[in-house]
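J.: quick one, what's the 3D model for this:
(one chain, ligands or ions: 1)
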Amino acid sequence: MTDIDKLVRNNVRNLAPYSSARDEFSGKEGIFLDANENPYGNLNRYPDPYQRELKSAISKIKGIPEEKIFLGNGSDEVIDLCFRIFCNPGTDKALTFSPTYGMYEVSAAINDIKIIKVPLNGSFQIDMPVVLPLLDDETLKLIFICSPNNPTGNCFNRADIEKIISTFHGIVVIDEAYIDFTEKPSFTPLTSAYSNLIVMQTLSKAMGLAAVRIGMAITNTDIIKYFNKIKPPYNISTINQRAALKMLATKGENKRQINLIIRERDILSAKLLDLKITKKIFPTDANFILLEVTDATGIYSSLVEKNIIVRNRTSVVNNCLRITVGKPLENNALVSALNSFEQ
Ligand SMILES: *Cc1c(COP(=O)(O)O)cnc(C)c1O
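T.: Got it, this is the predicted structure:
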């Protein structure tokens, strides 16, 4: 078992957190004269700092106890808080598997944490012989594993991920932003077996709530305690909590959307495979397709001229475009546009 208190930065372990009016009294009924709010209006009160109603709804849908859920202002806040809890600026390190989601590196830089980037192997899997010897470094505190991975789209081998979690002395963060688009199982159940595991999910992708900015950390209560200790007191607005609750109440509709996107992904993949410009389609467990083409930058620019915007990822995977699966009409427009390119 990892001793979480020992891994936490000294200043974070020792600090006395801000205690808000809603920390000191959390009842719903009463004459509220404690938070210097304006008594008039309907958005005049501070939000619930611990988002209890929303966590309860998420808990029911995911089958995860409320006390194991932390909500951030997007996954980006969760990533930043991980650095702030566990990494001493200027001395500690984090590790990522490249190419991957860009925010880990940016957040590391903001917090003055050095990033070790271990390139994925030729099948976009974790290069275990390279990574295992690096795990002994005492100043390495955090490892980010994005699975399904952005921008490659695939899941990493489960046994490799488990080997890293069970070997590493520090914290492993598994980013499951795209988990609803794959049949492969989530790592959330393993947060009970491994005390150094944080699983991140988000309402931004499958749930269709990118505008609402809600990211989740699912982990043990020892780590949850530290997230709550250092987060801004009212990090999720009332408007955002309500919007999320409204969406979660219609989860049948959301499930239909996810199934439609997965079906469209397979239809689109088949069509892309037939194009003259296509060199390779990488297998995907996400709601996007990484496509290797003859000339990514040229094709990207021509698509922009036709008002179709994909992501040019040639700087991270040579000659690759990352294509988000859209509505059937949007996907058809993309395929027609790509059909007009000869090579
Ligand atoms: C889109 C995405 C997220 C979502 O971030 P939010 O801040 O929750 O919107 C997280 N991780 C990865 C890998 C993503 O691609």
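J.: which residues of the stretch 51-200 of the chain lie near the ligand?
T.: Residues of the stretch 51-200 of the chain lying close to the ligand (Cβ under 6 Å from any ligand atom) are Gly74, Ser75, Asp76, Tyr101, Cys146, Asn150, Asp175, Ala177. In this view, the C-beta of every residue, glycine as well, is placed from N, C-alpha and C.
J.: could you find the closest non-adjacent residue to the third one?
T.: Across the structure, with Cβ to Cβ, 6 or more residues apart in numbering as the measure, the residue nearest Asp76 apart from its sequence neighbours is Met103 (5.6 Å).
J.: please apply the same query to the last one.
T.: Of all residues not flanking Ala177 in the chain, Thr202 sits nearest, at 4.9 Å (Cβ to Cβ, 6+ apart).
J.: pull out the buried residues from the residues of the stretch 51-200 of the chain next to the ligand.
T.: Gly74, Ser75, Asp76, Tyr101, Cys146, Asn150, Asp175, Ala177 (16 or more other Cβ atoms under 10 Å).
J.: so who does the fourth one touch?
T.: By Cβ atoms under 8 Å, 6 or more residues apart in numbering, the contact list for Tyr101 reads Phe144, Cys146, Asn149, Asn150, Asp175, Ala177.
J.: the residue in the chain positioned nearest to the ligand: what's it in contact with?
T.: Going by Cβ to the nearest ligand atom, the ligand is nearest to Gly74 of the chain, at 2.8 Å. Neighbouring residues of Gly74 by Cβ under 8 Å, 6+ apart: Thr202, Ser204, Arg213, Ile214, Gly215.
J.: so which of the residues of the stretch 51-200 of the chain next to the ligand are in helices?
T.: Here DSSP state H is the test, and these give Ser75, Asp76 as lying in helices.
J.: so which of the residues of the stretch 51-200 of the chain next to the ligand comes closest to Ile281?
T.: Each of these was scored against Ile281 by Cβ to Cβ, and Asn150 proved nearest at 16.3 Å.
J.: for that closest one, which non-adjacent residue is closest in space?
T.: Nearest residue to Asn150 in three dimensions, chain neighbours excluded: Tyr101, at 4.8 Å (Cβ to Cβ, 6+ apart).
J.: distance check, the one you found against Thr191.
T.: Separation of Tyr101 from Thr191 (Cβ to Cβ, to the nearest Å) stands at 20 Å.
J.: what about the strands in the chain?
T.: Assigned by DSSP state E, the chain shows strands spanning 69-72, 93-98, 114-119, 140-146, 171-175, 197-202, 215-218, 278-281, 288-293, 311-312, 320-324.
J.: which other helices and strands does the third one contact?
T.: Using 3 or more Cβ pairs under 8 Å, 6 or more residues apart in numbering; DSSP states H and E as the contact criterion, the elements in contact with strand 114-119 are strand 93-98, helix 103-110.
J.: apply 6 Å and report the result again.
T.: strand 93-98 (3 or more Cβ pairs under 6 Å, 6 or more residues apart in numbering; DSSP states H and E).
J.: helices and strands around the strand it packs on, which ones?
T.: Strand 93-98 sits against strand 114-119, strand 140-146, with contacts defined as 3+ Cβ pairs under 6 Å, 6+ apart.
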